[in-house]
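Peer 1: Structure of the sequence below:
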Amino acid sequence: MQIQHKAYVNLLLSFKKDLSFTDKDVFLSVTTISFDIAGLELFLPLISGGKVVIASKNDSLEAETLAQKFNKKNVTVFQATPVTFRILQEAKWVPSKSLKILIGGEAVPADLAAFLSAHCNNVLNVYGPTETTIWSTTYKIPPVKSTTEKIPVYIGKPLANTSVYVLDSFYQRVPIGVEGDIYIGGDGLSAGYYHNEQLTEERFVYVSFDNENIKRIYFTGDKGKLRIDGNIEYSGRTDNQVKIRGYRIETGEIETVMQKNTAVRQCVVIAREDNPGDKKLVAYFSLISGQTATADDFKTLLAAYVPEYMIPSAFIQMENLPLTPNGKIDRKALPKPEIKTEVTDINFEEPNTPVENILTEIWSNILSLDRIGIHDNFFELGGHSLLGIKMMTEIEKKIRCKTELPLLFSASTIHQLAKLINNDDLDIDFPVIVPFQPKGNKTPLFCMHMHNGNTQRWRVLVKYFDEDQPVYAIQPQGLDPKKPFHTDIKEMASFYIDEMKKIQPVGPYNIVGLCFGGVVVFEMCRQLTEAGEKINFGCMIDSHAPTGSKTMNKVVAVASEFMDMDMEKKVEFATDKAKNVGRKILAKVSGKKFDKMTGSVTATEAKPDIRFIHSTALLNYTTEQLNEKITL
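Peer 2: Coordinates of the predicted model:
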């Protein structure tokens with residue numbers, strides 16, 4: 001893009017006036033130098049005698065570190081996209097009243113606008129394409145008293161020496177309140193596209209209104225309405241161009257590259273925002289009969305032609321793409337992508353360690369997925385760099401271990417990430433009761449952990465309940481490195497009852513358990529009824545009925561453990577059972593080291609394996625009569 005000197009000067013002088021920018025101001029710059037809006041951050045302080053504070057790339061990606069800079073550097077002006085402000089908001093950042101904010105690059109969500117204007121007196125929504133020199137209009141978002149107020153966000157009025165028109169297909173002004181195409185003219189116009197005269201002629205046109213002189217104006221591709229107060233209301237695009245995380249993307253370019261794969265019959269790429277504030281590119285495609293192509297094939301192909309931010313987060317194969325009555329692809333009828341890991345996946349493995357459990361919970365919340373294996377790739381599940389930043393922030397909150405985004409590119413699975421986190425240095429809170437859905441007025445449902453201590457499998461239940469149904473999971477206290485595992489099911493059940501009563505002091509209770517957890521639920525129900533409490537719903541899923549026979553319990557426990565293993569582990573398990581079986585189990589339960597070569601057992605500081613702890617607890621569990629109905 002050929003930007004002329006006078007266009008830049010017009011932009012800078014306009015904002016110097018609108019922001020009352022002086023030599024006392026400090027502009028915090030977080031924008032990469034290749035993004036056009038960085039020009040305002042660098043040159044406005046320069047022409048005004050002010051100060052610019054340039055945040056490093058790492059500081060820009062760390063929400064809490066970035067938030068601290070506002071006070072440390074006495075920042076008075078800050079410009080960023082809505083995504084950056086959203087990340088700061090989620091990090092509990094509260095802007096000062098005197099901070100001058102410029103927010104733009106894509107549409108500003110109403111709730112985010114309310115959050116900013118409730119704390120700041122000067123919040124400007126800025127709008128404009130690169131072709132008209134960064135920003136062309138501003139709208140001062142009116143102050144509100146509450147962050148929950150709903151306020152309209154317009155793109156506003158033109159800068160100095162700038163004209164904005166809303167025209168019909170004949171280049172005539174449309175009446176106030178009628179939707180039309182947005183065109184921009186004035187001193188901010190660029191000279192055109194470098195070495196692309198055809199595109200320049202298409203987008204920069206010459207018009208005359210009511211016998212006025214001929215004007216050169218730029219066709220933005222945006223649609224809008226002129227309001228009676230002179231503000232312009234943005235209403236969408238005329239084409240398939242989208243903006244994601246501040247990047248302007250022509251989805252047609254992505255579709256053209258995908259069609260280089262000869263197996264493709266049809267394809268279309270759209271931007272979806274199924275979760276507020278999380279806009280993603282999604283590709284839909286159908287294949288020629290008998291041909292095959294995978295998401296990995298498309299990712300590899302696209303990586304050779306387009307930048308990373310233009311590679312879709314999800315690729316959805318369909319037999320036929322939906323069509324409108326006139327035969328065009330019906331973009332509104334394209335289904336929401338459901339990215340999930342199947343139970344039958346050969347590489348699927350649930351978390352096995354405390355850190356893996358916490359990371360799985362964080363990933364589930366951020367990616368909105370019910371079931372995640374420790375070998376699943378963050379980016380293949382729909383993650384991207386901004387979600388990665390959010391994830392690193394959550395890790396620091398919950399594990400108190402500071403990590404940086406580049407780590408995610410080399411350790412993009414839960415298993416890899418957990419291995420890089422030194423457990424010995426962690427100060428982690430491991431609550432016994434984990435709130436999956438804490439709000440609601442109905443009787444809570446408590447879901448017991450499984451044989452390996454995992455609770456993540458229960459997350460899939462939450463989406464089937466209404467918002468009025470509280471759901472909690474119960475996990476072993478031994479996940480806390482500072483606390484021991486319970487080795488007795490009766491003691492375990494008693495402890496869980498005490499913890500459960502902190503949430504729900506009196507019955508009737510709803511408790512469900514799967515596999516090993518079902519046996520614990522059985523014992524909890526027995527103890528509760530013995531204490532005079534009522535059980536509304538006690539449920540054992542896929543659990544063996546406690547027999548009271550230690551021998552039978554041992555057989556069932558070993559068989560259950562064996563069935564949960566993959567083939568490689570089954571072979572190793574069977575081999576180990578045939579050799580030194582007694583000493584091996586003793587070593588696992590006691591936390592000592594078992595030497596396969598010599599058969600010796602030596603002391604070690606390793607914590608006992610939770611699966612062997614629970615197997616032993618089952619072996620030693622003797623049932624008593626339960627005088628209450630339980631669901632199997």
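
Peer 1: just checking, Val166 touches Arg227?
Peer 2: No - because the distance of 10.1 Å does not satisfy CB atoms under 8 Å, Val166 is recorded as not touching Arg227. Just so you know, the C-beta spots here come from the backbone N, C-alpha and C atoms, and that holds for glycine as well.

Peer 1: ok, those two, which is more surrounded?
Peer 2: Taking other CB atoms under 10 Å, Val166 and Arg227 do not tie; Val166 has more neighbours (21 against 14).

Peer 1: what kind of secondary structure is that one in?
Peer 2: For Val166, the secondary-structure state derived from DSSP: H, G, I helix; E, B strand; the rest coil is strand.

Peer 1: now it, nearest residue through space, not along the chain?
Peer 2: Gly180 (4.1 Å; CB to CB, 6 or more residues apart in numbering).

Peer 1: Give me the phi and psi for that neighbour.
Peer 2: Dihedral angles of Gly180 (phi, psi; degrees, to the nearest 10) stand at phi -150, psi -170.

Peer 1: And for it, the neighbour number?
Peer 2: 19.

Peer 1: Then the one 5 residues further on?
Peer 2: Neighbours of Gly185 under the rule other CB under 10 Å: 21.

Peer 1: Helix or strand for it, just tell me which one.
Peer 2: If you go by DSSP states H and E, Gly185 is part of strand 180-186.

Peer 1: Alpha carbons of that strand, as PDB, please.
Peer 2: Once non-C-alpha atoms are left out, strand 180-186 reads as follows in PDB (Å, rounded to 0.1, in the frame of the first residue of the first chain):
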ATOM      1  CA  GLY A 180     -25.600   1.200   2.000                       C
ATOM      2  CA  ASP A 181     -22.000   0.800   1.000                       C
ATOM      3  CA  ILE A 182     -19.400   2.700   3.000                       C
ATOM      4  CA  TYR A 183     -16.900   4.800   0.900                       C
ATOM      5  CA  ILE A 184     -14.100   7.000   2.300                       C
ATOM      6  CA  GLY A 185     -12.500  10.100   0.800                       C
ATOM      7  CA  GLY A 186     -10.200  12.900   1.800                       C
END
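
Peer 1: Direction included, what does that strand pair against?
Peer 2: Next to strand 180-186 in the sheet, as set by DSSP bridges, lie strand 162-167 (antiparallel), strand 215-226 (antiparallel).

Peer 1: what's the closest of the ones you listed to Thr238?
Peer 2: strand 215-226 (5.3 Å; CB to CB).

Peer 1: Show me the contact partners of the strand holding Gly185.
Peer 2: The contact list for strand 180-186, computed with CB atoms under 8 Å, 6 or more residues apart in numbering, reads 10, 128-129, 132, 136, 158, 161-169, 173-174, 205, 207, 215-225, 232, 234, 238.

Peer 1: Also stretch 234-241?
Peer 2: Contacts to stretch 234-241, defined as CB under 8 Å, 6+ apart, come from residues 107, 127, 154-155, 179, 181-182, 221-225, 248-252, 270.

Peer 1: about what we covered before: buried subset of the contacts of strand 180-186?
Peer 2: The neighbour-count test (16 or more other CB atoms under 10 Å) marks 10, 128-129, 132, 136, 158, 162-167, 174, 207, 215, 217-225, 232, 234 as buried among the contacts of strand 180-186.

Peer 1: ok so, going back, residues in contact with both of Val166 and Arg227, list them for me.
Peer 2: Residues touching both Val166 and Arg227 (CB under 8 Å, 6+ apart): none.

Peer 1: ok, Ala295 - contacts?
Peer 2: Taking CB under 8 Å, 6+ apart as the test, what Ala295 contacts is Ala314, Phe315, Glu380.

Peer 1: one more time with 7 Å
Peer 2: Shown in contact with Ala295 (CB atoms under 7 Å, 6 or more residues apart in numbering): Phe315.

Peer 1: ok, now how distant is it from Thr443?
Peer 2: Distance of Ala295 to Thr443, computed by CB to CB, to the nearest Å: 43 Å.

Peer 1: Where does pLDDT dip in the chain?
Peer 2: Counting by pLDDT under 70, the ranges of the chain that qualify are 245-246, 275-277, 325-328, 338-347, 405-406, 409-410, 422-429, 481, 545-564, 566-608.

Peer 1: show me where the stretch 351-500 of the chain has helices.
Peer 2: Chain-ordered helices for the stretch 351-500 of the chain, with DSSP state H, counting those that start in this stretch as the definition, fall at 354-367, 385-399, 406-410, 414-420, 459-462, 489-503.

Peer 1: Select, out of those helices, the one closest to Val52.
Peer 2: Val52 lies closest to helix 385-399 among these, at 23.0 Å (CB to CB).

Peer 1: how about that closest one: buried residues?
Peer 2: Per 16+ other CB under 10 Å, helix 385-399 contains these buried residues: 386-396, 398-399.

Peer 1: Who are the contact partners of the spatially closest residue to Leu445 that is not a sequence neighbour?
Peer 2: Nearest-residue entry for Leu445: Asn510, 4.5 Å, with adjacent residues in sequence omitted and distances by CB to CB, 6+ apart. Under the criterion of CB under 7 Å, 6+ apart, the contact list for Asn510 reads Thr443, Pro444, Leu445, Phe446, Asn536, Phe537.

Peer 1: Are we agreed that the fifth one is in a helix?
Peer 2: Same thing as Asn536. No - according to three-state DSSP, the state of Asn536 is strand, so it is not within a helix.
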